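S.K.: No letters, just coordinates:
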């Protein structure tokens, strides 16, 4: 039975949540920078002269910047010029919004902590080459390693200015979706109105419900009438970011119910131990998954921070041993033109096409169905998330498509949450107030739906070819993987 959460909040489309008197520096101005700027002005009491955008490129957004009246500096931030570029522009009480690629998040966080400035990003970025340097081991090119390096800073800056790490759609919004989904399942299975207040409490709830696998299950069906050309990468969101992530190893949080590692799987020799990686890029690694509108489909395990942070957050331990942890990973089917672009890129040994085209205004139809699929509990599988189509996205805010607005809304909510909680140090999405973030995001997500399903990865397999399946336990990773 589908549960549709009412689209409250037309009044909230103009609500001022908080005021900000400091300076805001936005690093990068691609599709997310352009999309979030009107939301900042709509929901935060801030003046254009308080904002500076620093970006190596404007990607067609210079006209919009002039409309907003903010200062624009065309410059690429590097290891050599970071301090020189930001020193006189960032100080105590200011806010750095990092929406860039190839500007190291750890360097920016340390700089902001020293300056007394707030910070947010949508993923943990390395300096150029960090994703693809062949001199680094596969393990060290992973999101797991990037996260571990960031978390090493947390004790040093505990109680310092809030730095919200990896808070877009995913990672970010989906962590709040998971908590809301757990609350819904608890209520629907007779456990009552449960809302834990601690990390351990949330992990115990997931364990007691029997959640064994969590997919970030996403299907993008947005289309453009303009066909993809040979040598062109087309996508509905950051192409550089997508190709970088897709070139990293496929990664997943590794559940305690799993009976054995995949043949190409490996554990990391450092850190929290909550995740594994495969010795192959995510761009060519597929799994079976499900969403309410699309039904069953094959998605790609593109590495994302939330696959690791969620698995870590929901881990229960006795001493050094993990007694409970779900398997967590992304299962993403991008728009069809992006699929064609991915195949071309993979066929060129992961060398990215020279021409890029972000589709926003030219999209004619389609939606981005983004949510979390929690499996293994008493009711089987439960998907909770956003089913935003392009037409509603355009009504809600300018400069966005259905994909970008699902990122921009949680960037906005993360900024507001940081302003409301300014001394929390380094914080991941899983540690934030999910109710507050969803309250701010919900008016921009279209229909937000919860639906149960009897789907498992063993369903409708066809049986035309022999497969190595575990029919006694449908929730084993080997049953999800497409080989």
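M.R.: Thanks, I have it. For clarity, every value in this text was computed on a predicted model and none was experimentally measured.
S.K.: Show me how the protein divides into domains.
M.R.: 6-165, 173-402+442-482 (automatic domain parsing).
S.K.: Where among those is average confidence lowest?
M.R.: For the domains of the chain, mean pLDDT drops lowest on domain 6-165, to a mean of 93.
S.K.: Determine how far it lies from the middle of the whole chain.
M.R.: 15 Å (Cα atoms, centre = their mean, to the nearest Å).
S.K.: Figure out which of the domains of the chain is closest to residue 414.
M.R.: Closest approach to residue 414 among these (Cβ to Cβ): domain 6-165, 4.5 Å. In short, each C-beta sits where N, CA and C put it, glycine included.
S.K.: Quick check: residue 280 is in a helix.
M.R.: No - counting by DSSP: H, G, I helix; E, B strand; the rest coil, residue 280 is not found in a helix; it is strand.
S.K.: Now do the contacts for it.
M.R.: 249-250, 264 (Cβ atoms under 8 Å, 6 or more residues apart in numbering).
S.K.: Tabulate the domains of the chain in a markdown table, adding columns for distance to residue 408.
M.R.: As requested, the domains of the chain are exported to a markdown table (distance: least, Cβ to Cβ, whole Å):
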| stretch | distance to residue 408 |
| --- | --- |
| domain 6-165 | 4 |
| domain 173-402+442-482 | 6 |
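S.K.: Looking at those, which is nearest to residue 417?
M.R.: domain 6-165 (7.0 Å).
S.K.: Out of the contacts of residue 280, which is nearest to residue 153?
M.R.: Distances from residue 153 to the contacts of residue 280, taken by Cβ to Cβ, are shortest for residue 249, at 23.5 Å.
S.K.: So what sits opposite that closest one in the bridge?
M.R.: residue 281 (DSSP bridges).
S.K.: thinking it is in contact with residue 278, fair?
M.R.: Yes - judged on Cβ atoms under 8 Å, residue 249 makes contact with residue 278 at a distance of 5.8 Å.
S.K.: quick one: buried residues of the longest helix seen in the chain?
M.R.: Across the chain, the longest stretch assigned as helix under DSSP state H is helix 402-420. Neighbour counts over helix 402-420 (16 or more other Cβ atoms under 10 Å) mark 402-419 as buried.
S.K.: can you check stretch 425-434 too?
M.R.: 425-430, 432, 434.
S.K.: Also stretch 465-474?
M.R.: In stretch 465-474, counting by 16+ other Cβ under 10 Å, buried: 473-474.
S.K.: now stretch 223-240
M.R.: Buried-residue list, stretch 223-240, by 16+ other Cβ under 10 Å: 223-224, 228, 232-239.
S.K.: Same question for stretch 304-322.
M.R.: Taking 16+ other Cβ under 10 Å as the criterion, stretch 304-322 shows 304-316, 322 as buried.
S.K.: Now, those residues that are in strands?
M.R.: When those are checked against strands (DSSP state E), the matches are 316, 322.
S.K.: Switch the buried residues of stretch 304-322 over to a markdown table; also include distance to residue 380.
M.R.: Converted to a markdown table, the buried residues of stretch 304-322 look like this (distance: Cβ to Cβ, whole Å):
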| residue | distance to residue 380 |
| --- | --- |
| 304 | 25 |
| 305 | 28 |
| 306 | 23 |
| 307 | 22 |
| 308 | 26 |
| 309 | 25 |
| 310 | 20 |
| 311 | 21 |
| 312 | 26 |
| 313 | 23 |
| 314 | 19 |
| 315 | 23 |
| 316 | 23 |
| 322 | 25 |
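S.K.: before we move on, the earlier item: following the chain onward from the longest helix of the chain, which element is next?
M.R.: Later in the chain than helix 402-420, the nearest helix or strand by DSSP states H and E is strand 426-428.
S.K.: Now do that next one: which elements does it pack against?
M.R.: If contacts are counted by 3 or more Cβ pairs under 8 Å, 6 or more residues apart in numbering; DSSP states H and E, strand 426-428 sits against strand 163-165, helix 305-313.
S.K.: Apply 7 Å and report the result again.
M.R.: Strand 426-428 makes packing contacts with strand 163-165 when contacts are defined by 3 or more Cβ pairs under 7 Å, 6 or more residues apart in numbering; DSSP states H and E.
S.K.: quick one, whichever helix or strand comes after the strand it packs on and helix 305-313 angle?
M.R.: Sequence-wise, the next helix or strand downstream of strand 163-165 (DSSP H and E) is helix 173-188. Put simply, helix 173-188 runs at 50 degrees to helix 305-313, going by axes from the mean of the first three to the mean of the last three Cα atoms, to 10 degrees.
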